[in-house]
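> pasting the sequence and the predicted model now:
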Amino acid sequence: MGESITFWVLAIVSVIAALGLVFSRRAVYSALMLGVVMLSLAVLYAVQDAPFLAAVQIIVYTGAVMMLFLFVLMLVGVDSSDSLVETIRGQRFWAIVGGVGFAVLLGLGIGNAVVGSPKGLAAATQAGNVPSLAQLIFTRHVFAFEVTSALLITAALGAMVLAHRERTEAKPTQKDLSRQRFVTFGRTGKNPAPLPGPGTYARHNAIDMPALLPDGSVSPLSVNRYIARYEESQGILSPEVAQVLEQEEAALRANGHSTPTVAEEARDGGPDTEPMDEDGVVAVPVVRPRGESVRESLSEEDGK
Amino acid sequence: MEPAEIIQHSGGAIGAAWLMIALPLVGAAVLLLGGRRTDKFGHLLGVLMAVASFVVAALSFAQLLGFAPGERRRGIELYDFIPGLAKVGLLVDPLSISFCLLITFVGSLIHIYSIGYMAHDPNRRRFFAYLNLFVAAMLLLVLADNYVALFVGWEGVGLASYLLIGFWQHKPSAATAAKKAFIVNRVGDFGLLIGIFTIFATFHTLAFNDVLANASKASSGTLTAIGLLLLVGACGKSAQLPLQSWLLDAMEGPTPVSALIHAATMVTAGVYLIVRSGPIFQGAETAQLVVTIVGVATLLAGAIIGTAKDDIKKALAGSTMSQIGYMVLAAGIGPAGYAFAIAHLITHGFFKADMFLGAGSVMHAMNDEVDMRKYGALRKVMPLTFVTFLIGYLAIIGFPLLSGYFTKDGIIETAMEHNAVLGWLAVLGAGITGFYMSRLVFMTFFGTKRWEPTAHPHESPAVMTWPLIILSVGAIGLGAFLVLGNRFMTFLSPAVGAPEEMPSFHPFSLTGLVTLALVAVGAAFAWVKYGRAEVPAVAPRGSFLTAFARRDLYGDALNEALFMRPGQWLTRLAVFFDNRGVDGLVNGLAAGIGGTSGRLRRVQTGFVRSYALSIFLGAAILAGAWLVVGNL
Amino acid sequence: MPWLSTLMGVSVLGALGVTLVRNDKLAKQFTLVVSLIVLALTVAMAVQFSPNGDKFQFAETYDWIPAFGVHYGVAVDGIALVLILLSVILVPIVVLASWHDAEAGKRSVRTYFSLLLVLEAMMIGVFAATDVFLFYVFFEAMLIPMYFMIGSYGGAQRSYAAVKFLLYSLFGGLLMLVAVIALYSIAGKGTFMFSDLVGTIQDVTTQKWLFLGFFIAFAIKAPLWPFHTWLPDAAAQAPAGAAVLLVGVLDKVGTYGMLRFCLELFPDAAKFFTPLVITLSVIGIVYGAIVAIGQTDMKRLIAYTSVSHFGFIAMGVFAMTTSAGSGATLYMVNHGFSTGALFLIAGFLIYRRGSHFIADYGGVQKVAPILAGTFLVAGLSSLSLPGLSTFVSEFMVLTGTYQRYVVPAVIATVGVILAAIYILWMYQRTMNGPTAESVKSLPDLNAREKWVVAPLVALLLVFGLYPKPLLDVINPAVKDTLSSVSVTDPKPAVPVAQEGQ
Amino acid sequence: MTTHYLVLSALLFAIGGVGVLVRRNAIVVFMCVELMLNACNLAFVTFARQNGNLDGQLIAFFVMIVAAAEVVIGLAIIVTIFRTRRSASVDDASLLKY
C-alpha cells in the first residue's frame, strides 16, 4: 500500500517533470525538471529493493551529471532559451506520432504480458544489497567492471582533449593591450585611460556615487547607467547626474542617435567594460558575426 | 581396280621418309632462330636441306620401285598426335612419292636459282628459311596419312605462302596481297575443316586408310557433302573459281616464290586432295560433276585473264589458274583422269616453273620491270633465257612431242569421252592458251626494243640459268616419258585405282588435230597482233571484253561488293552495337542507379534530428511488428 | 606432402616477403625467384600425378567452419592440374614482363609484385578447391588483387575499368553465393564438399535455378556474350602483365566452373540449358571476332579476340562429347599461352611507342624484326594455325561439337576465317608497309623481353606438335566428368574397325 | 505492480524520445537522452525484483557508469562545437549530408 502511494505520486510527478523537461523553453528549467525526474526515480529504486542504485542515482546523476549539465549551460549561456518554432517540415508531427505510437505499443505489449507477482530480492540479497552486488561485480562481472574503469579514464582524457584549446599565438601582454588601446583611441577617439573609479573626489565611494572631476562637476564616464535609470525611476536621481545625462542625450540627438537603452548597454557589456575579442581588437558592437544566432534567439524572446 | 592395301613399313629410305620433312624444317628453324649469325651461309644451308630432302625422296622412290606394284603403299607410324582423334603417320605410295619428287626436285632447283635472284637482298637468309619451311609443309601435306596431318601441312604451306608473298613487306601492295591470299585460303580451309568434321562424325577416324576403304559404306548424301566441302578447300588452295582472286595478287612475291609455290607445287595441292580422296568423290556423282564444272570454268577464266594482262607474272598466273583448271577437270572425272591430272601437274610443274624463272630472269635483267609493254626484242640479249622460255612456251601450248602435248591432250581426250561439252570447252581453252602464251612470248622476246632508258639487260648468272636449263629438259621429255605406254597410270594405280580399260595413245585423233589447229590459230593471231605489229607503250582501252579480262573477270569487284563492303558495314555496326547497345545497356543501368541515388540522397538533410526520427519511427514499427507477430 | 597448400603457402609468404624488401630491384628479383620456386614445385607435383589414378589427387581436407560444414579442401584432377600449371607458368613470365610496368605509374613497385604473388596463390586455390564454399571464397578474393592491379597501375581510364570489372564480377559472384547457400541447404548434407554434393539435387526445377545462379557468375567471368563488355575495358586498361593473368587465367575460372560445377552438380539442368549456352557461345564467337576486326585499339582488339575464343571454350564444354570437352580444357591452357604472348608483345610495343592505337604504328617489322616475328607467331596462334597448340584445341572442340550440333559448329567455324582477318589486318597495319616516322627508332626486343617471349613461343610450338602429355592428363578427367553427367559420345554412321585407335 | 513500473518506464522513454526529436538545443537533447537511459534503468530495476536476481540492478549500475562517461564526452563535444560555432543548436551542425 505504501509502495502504491509512493509509486503513483512519484509516477505522476516524474511524468509531469519529464513533459516539462521536453517542453520548457529555458534550458535551465529543463535541467531542473530532469533533476526532479531523477530524484523521483531514485526513490522508486529504493522502493524496489535497490538502495544502492538509489544512492548512486542521487550521487552520480543528480549530483555529478546534473551539475555538469548546469555547468555547461552556464558556459553556453544561462538565459539563452530555445525557440520552439519547428524548422524541419513534419518533424514535430511525426515525432509525436512516433512517441505516442511507441508508448502505446510498448504499453500494450507490457499490458498484455502476463506478469506474475514479483519474486522479490530477499533470496538474492541475503548478505544485504550492497554486499551482494559487490560480490557479483567482483566475481562474475569483474572483467566488465575493469573495462568500465578503462572507459571512465578514457572519457576523462577525452573530455580534456576535447575541451582543451591550443593557443595558436602568444598571449597579448600588457604592452600589446596598451598599444591596442591607443590605436583604438587614434581611430575612434575612445578614452584610452582607465575609467575613473566611483568616488573620486566624491565624498564616498559607493557604486551609485559618480566621480567628480577636479572642477567638482560629475564625470560622465563614471555614471553607472543602470543605477541612474533606477534612481530616475525612483525619483532620487541627484541633479548633477541628471544634468550630465541630459547633456549627453542632447549631444547624441544632435548626432542623430537616440539614447542607448539599458538593455543594449547591458548586452554590450555595459558602458564600463569594453569587450575584447579573441583577436585582441576592441570589437565594434555591430561586428560580431559568430554570436549572431545567440543574439537572434535573444531578440526572439524579446519580441514575445 | 581398287587402291591397294597399305602395308606398315619400317627401315630403309622409306622408313626415314620423315627426314624429308624434318630436314628442311630444321633448316628453317636454324635460319630463323639463328638470326643474323647465319646470314653468311644461310642460302647454302637452305639449298643443302632442300637437296638432302630430294635425295631422301629419290632413295625412297628407288626403294618403292623395288616392291611389287601391289605392295607399293607403305605406311609409317610416327606418333600419337591427338589421342582419340589422330595419329600422325606418313604414307609413301606412288601418288605421294610423285609429289615428293616434284616438290623436292623443282624446289631444289628454285632454291639454287634464288641464290642468284636474291643475291642483293639483305634478307636473303630469311627468304631461304621461308622456302625451307614451305618445302617441309608441302611434303607433310602430301606425305600425311590422315586428314589432320594433311591439314597441318595445308595450313603450313598457306603460312609459307603468306610469308613469301609478303616478303617485301614494306610494300603495302605486297602486304595486302599476302593477307588476301591467306584470308581467301582460309575461306577454303573453312570448307575443308567442315569436310574433315563430317568425315570424323561419319567414320570416327581421320586416317586415309580407314576412311577411304570404307567410303562406299556411307550414304551418297554424306559423300556428296564431304566431296563438295573438300572441293571448297581445294578451290581455295588451287585458286579455282570462285576463290581464284588471290593468285593474281600473289605475284607480288619474289619470282622464285611464284615459280615454286604459285605455279609448281602449292597451288596443285587442291588437285592432290581431290585425287587422294578419290573414293569419296567416286561415291558422289554430283560432287564429281561440280568438280569438273569448276575445273572447266576456271580453265577458261584463267585463260581469258591471261590474254589481257600486261604484267608478265600476272599473265603467267592466269595461265597457272587455267592449267590447274585442266587438272581439276581431270581429277573430277575419276580414275580415268587421275593419272593425267597428276601427270599434267608434274609436267606443268616443270614448264611453268621454267617460264616463271625465265620471267624472273628477264625481270632481273630489266630492273624488276614487269610490264611486257616495256620489254621486246630480248631474245638476242638473253639467248639462254629465251631458249629455255621458248621450250616452256611450246610445252604449255601443246606443241607436238613436248610435255604439254601428251598430258594436256590426255586430259582433253578423257574429258571428251566423259562429257563432250566439257571436252570442247577444254579444247577452246587450249586455243586461248595458244593465243595468250604466244602474245607473252612475242611481246617479251620479239618485236622492237621498248625498254626504259635505264634498262641494261644482260644474261643472268649461271646459278640462275642452270636451273632453267634443267627444267626445260624436263619440259621437253617428261610428258612423253610419263604418258607413253601408260607408264604413269600403271605406276599410280596402286594408290588411286585405275580405269577398267587403259587408254591408248592416238597421235592423230580428231580431238588432238582440232586442238592443234585451234592453238595454231591462236598463235597466229597473236603474231599478227603482237609479233608483227608495233606494241603500243600504253595499253589501248580495248573492248568491253578486254576490260572484263583485265579486271580479272570482275572477281575482285564482286568480292568487294558482296563481302568486303557488307563486311565493313557489319563490322562498324557491330562495334557501334557493342559500344552503345550492350555496353550502353550496362552503362545506362549504372547511370539509372546513379540518378536514382542522386535523388534519394536528398533525404540525407544533414539534420541529426531527422535521422533520429527515422530511427525512432523504425523502432516503433519494429515494436509494432513484434507485437503483431507475437500475438499471431 | 601437402603439395597444394605448400604452393599457396610459398606464394603468400613470398608476397609478404616482397613487402619487407626495401629495395625495388631486389623485390623484383625476389618475386621472380619465388614464382620460379612455385613453378618448380608444381612441376614436381605434376610429375607425381597419375592420370588414371583417383579422380582427385593430392587431396587435403581440414575443417574450417565446422558449424556449417565448410572445409579447407583442396585437390586436383587432370583439368585443375593443367590449369594450375598454366597459372604458375604464366606468373614468372608476367613478373619478368612487368619489370618496368609498375614504375611508369609512379606507384609502389613492391606492392605490384606482392599483389602478383597473392594473385598466384589465389589462382592455385580456386582451381584446387574441392569445397564449394572455399571455391567461392577464392573466386571472389581473386578480384581484390586484380582490382588494385588495374585500378592503380593501369592506363588512363583505369578506375573506370577497375570499377566496371569489380562490379560485374561481384554481381555474378553474389548470384553464385545465393546458389551456393541454396545448394547447401537444399542438399541438406551439412557439408560444402563438392564430392558429397554431386548428385544430391534430383529435382530438375531446383537444378535449373541453381544452375542459373552458378552459370551467370561463370558466364560473366568467362566472359560469354552478352556479359563481355567489361573485358575489353579491363584488359585494355590493365598493365600488360595483369591483362595476361586476367584473360589468361582469371577468366578461365569461368569456363572451368562451367565444366566442374555446372555440369557435374546439375546434369539435367545443364542438358536443358545446352541449346541456350551453345547459342550464346556461337554468337560470341562470331560477334567477338567481328567486333575485334573493327577495333582501333590493339589491346581492345586482343580482348575481343578472347571473347571469341571463350565462345569456343564454352561451346566445347557444353557440347558434351569427349573430344569437345578435352578440347575445351586444352583450349583454356593454350589460350592462356597464346593470348598471353599476344598481350605481352603488344605491351612491349606499346611501352616503346606509348600509344595503343593501331593507326600510330606501321612498318615496325623493318626496325624490330624479332618483335614483329614473335608478334606474328602469337597472332598466328590466335588464329589457330596448325602446328601451334591452339589449333589442336580448336580442332578438337569443333570436331566434338560437330558430332552433336552440326549447325552451331559450322557457324563457329566461320570464326576461323574471321580470326585470320582480325589478326592479319592488325599485323599488316602495325608491322608491314612503309615504316612510320614515329617508330623509326624503336629498339628491338632486349634480352629480358626475349626471355619472356621464348618460353611462350616454345610452349605453343611444343604442344602444337605434341599435345599428348596434356591430353593424357585431361582426357580421363573429362571422361569422368561426362560420365557423371551420363552422356556418351554419338556413334559413327559408318563404324570402322580401327587398328590401335 | 511490475506492470505499472514498466508502463511508467515506457512512458518516460517515449517522452524522452520525443524530446530528442523536437528540441534543438544540444544540451536539452542530451538531457532527453539521459531521461531515456533512466527510463531503461527503471525497467531493469523492476525486472530485477520481478525475477528475483540482481543482474538487472547490475546492468543498471553499468548503464549509469557508461552514461556518466557519455555525458562527460558529450558535453565536452558540445562545448567544443559551441566554441567554434557559437551555437548549441543541433540543426546548425548539418554538414553530414549529401
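It's in.
> give the contact list for the residue of chain A found nearest chain D.
When scored by Cβ to the nearest Cβ, chain A has residue A:119 as its residue closest to chain D, at 3.1 Å. C-betas here are computed from N, CA, C, even on glycine. Residues near residue A:119 by Cβ atoms under 8 Å, 6 or more residues apart in numbering or on different chains: D:49-52.
> rebuild these as TSV, extending it with secondary structure.
Output for the contacts of residue A:119, formatted as TSV (DSSP: H, G, I helix; E, B strand; the rest coil):
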residue	secondary structure
D:49	helix
D:50	helix
D:51	helix
D:52	coil
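> between those residues, which is nearest residue D:83?
residue D:49 (44.9 Å; Cβ to Cβ).
> hmm, back to that, which one of the contacts of residue A:119 sits closest to residue B:393?
Closest to residue B:393, out of all of these and judged by Cβ to Cβ, is residue D:51, at 120.4 Å.
> how about the nearest residue to the closest one, chain neighbours excluded?
residue A:119 (6.2 Å; Cβ to Cβ, 6 or more residues apart in numbering or on different chains).
> any figure for the gap between the one you found and chain B?
In this view, residue A:119 and chain B are 23 Å apart by Cβ to the nearest Cβ, to the nearest Å.
> so that residue, which of the three states?
coil.
> relative to residue D:52, how far out is it?
In this view, residue A:119 and residue D:52 are 3 Å apart by Cβ to Cβ, to the nearest Å.
> what touches both of these two?
Common neighbours of residue A:119 and residue D:52 (Cβ under 8 Å, 6+ apart) do not exist.
> just the pLDDT for residue D:45.
pLDDT recorded at residue D:45 is 92.
> how about the one 4 residues further on?
Each residue has a pLDDT score; the one for residue D:49 is 89.
> how many neighbouring residues does it have?
23 (other Cβ atoms under 10 Å in any protein chain shown).
> hang on, it packs against residue A:118?
Yes. Counting by Cβ atoms under 8 Å, residue D:49 touches residue A:118, with 4.9 Å between them.
> now do the shared contacts for these two.
residue D:2.
> for chain A, what's the nearest residue on the stretch 101-250 of chain B?
Counting by Cβ to the nearest Cβ, the stretch 101-250 of chain B gets nearest chain A through residue B:183, at 70.5 Å.
> how about the residue of the stretch 151-300 of chain A at minimum distance from chain C, nearest residue that isn't a chain neighbour?
Going by Cβ to the nearest Cβ, chain C is nearest to residue A:151 of the stretch 151-300 of chain A, at 32.3 Å. Leaving aside its sequence neighbours, residue A:151 sits nearest to residue D:69 (Cβ to Cβ, 6+ apart; 5.3 Å).
> one more: residue C:468?
Per Cβ to Cβ, 6+ apart, closest to residue C:468 is residue B:80, 5.5 Å.
> so that neighbour is in which element?
strand B:74-82 (DSSP states H and E).
> what pairs with that strand, parallel or antiparallel?
strand B:7-8 (parallel), strand B:86-92 (antiparallel) (DSSP bridges).
> looking at those, which one is packed in the most?
The highest average neighbour count among the strands paired with strand B:74-82, using mean count of other Cβ atoms under 10 Å in any protein chain shown, belongs to strand B:86-92 at a mean of 25.
> which residues touch it?
By Cβ under 8 Å, 6+ apart, strand B:86-92 touches B:6, B:9, B:14, B:17-18, B:60, B:64, B:73-81, B:143-149, B:206-209, C:500-501.
> make it 6 Å
B:14, B:17, B:60, B:74-81, B:143, B:145-146, B:148-149, B:206 (Cβ atoms under 6 Å, 6 or more residues apart in numbering or on different chains).
> and if you look at stretch B:209-229?
B:6, B:191, B:194-195, B:198-199, B:202-203, B:279-281, B:283-284, B:286-287, C:494, C:496, C:498.
> returning to what we had before: now the residue nearest to residue D:51: phi and psi?
Backbone torsions of residue A:119, given as degrees, to the nearest 10, read phi -70, psi -30.
> all the helices of the stretch 151-300 of chain A, in order from the start?
Assigned by DSSP state H, counting those that start in this stretch, the stretch 151-300 of chain A shows helices spanning A:174-188, A:225-234, A:239-254, A:262-267, A:292-303.
> kindly report the residues of the stretch 101-250 of chain A close to chain B.
Contact residues (Cβ under 6 Å from any Cβ of the partner chain) of the stretch 101-250 of chain A with chain B: A:101-102, A:105, A:109.
> change it to 7 Å
Selection of the stretch 101-250 of chain A residues close to chain B by Cβ under 7 Å from any Cβ of the partner chain yields A:101-102, A:105-106, A:108-109.
> near chain D, list only the ones from those residues.
A:102, A:106.
> farthest pair in the residues of the stretch 101-250 of chain A next to chain B?
So, these by Cβ to Cβ: farthest apart are A:101 and A:109, at 12.2 Å.
> number of nearby residues for the residue in chain D positioned nearest to chain A?
The nearest approach of chain D to chain A comes at residue D:52, 3.1 Å away (Cβ to the nearest Cβ). Residue crowding around residue D:52 was assessed by other Cβ under 10 Å; the count is 17.
> and residue B:604, by the same measure?
Neighbours around residue B:604, by other Cβ under 10 Å: 12.
> does it touch residue D:97 like I think?
Yes. Between residue B:604 and residue D:97 there is a contact under Cβ atoms under 7 Å: 4.9 Å.
> low-scoring stretches of chain C, by residue?
C:104-106, C:497-501 (pLDDT under 70).
> residues from chain D in reach of chain B?
D:17, D:20-21, D:90-91, D:94-98.
> and if we set it to 10 Å?
Applying Cβ under 10 Å from any Cβ of the partner chain, we find that chain D lies next to chain B at D:10, D:14, D:17-18, D:20-24, D:26, D:29, D:33, D:90-98.
> from those residues, which would you call buried?
Among those, the ones that count as buried by 16 or more other Cβ atoms under 10 Å in any protein chain shown are D:10, D:14, D:17-18, D:20-24, D:26, D:29, D:33, D:90-91, D:93.
> how about the strands in chain C?
Using DSSP state E, the strands found in chain C span residues C:57-65, C:70-76.
> what does the first one contact?
With Cβ atoms under 10 Å, 6 or more residues apart in numbering or on different chains as the test, strand C:57-65 has contacts from C:1-7, C:45, C:48-51, C:69-78, C:80-81, C:128, C:130-131, C:133-134, C:137, C:192-193, C:195.
> ok now that strand, how far from the chain's centre?
25 Å (Cα atoms, centre = their mean, to the nearest Å).
> what's near enough to touch residue C:138?
Residue C:138 neighbours (Cβ under 10 Å, 6+ apart): C:8, C:74, C:121-129, C:253.
> and what of residue B:575?
Residue B:575 touches C:290-296, C:300, C:304, counting by Cβ under 10 Å, 6+ apart.
> residue B:322 versus the spatially most central residue of chain B, what's the distance?
Most central in chain B under Cα atoms, centre = their mean is residue B:267, positioned 2.8 Å from the mean C-alpha point. According to Cβ to Cβ, residue B:267 stands 12 Å off from residue B:322.
> what comes up buried for the lengthiest helix in chain C?
If you go by DSSP state H, chain C has its longest helix at helix C:322-353. For helix C:322-353, the neighbour count (16+ other Cβ under 10 Å) marks C:322-350, C:352-353 as buried.
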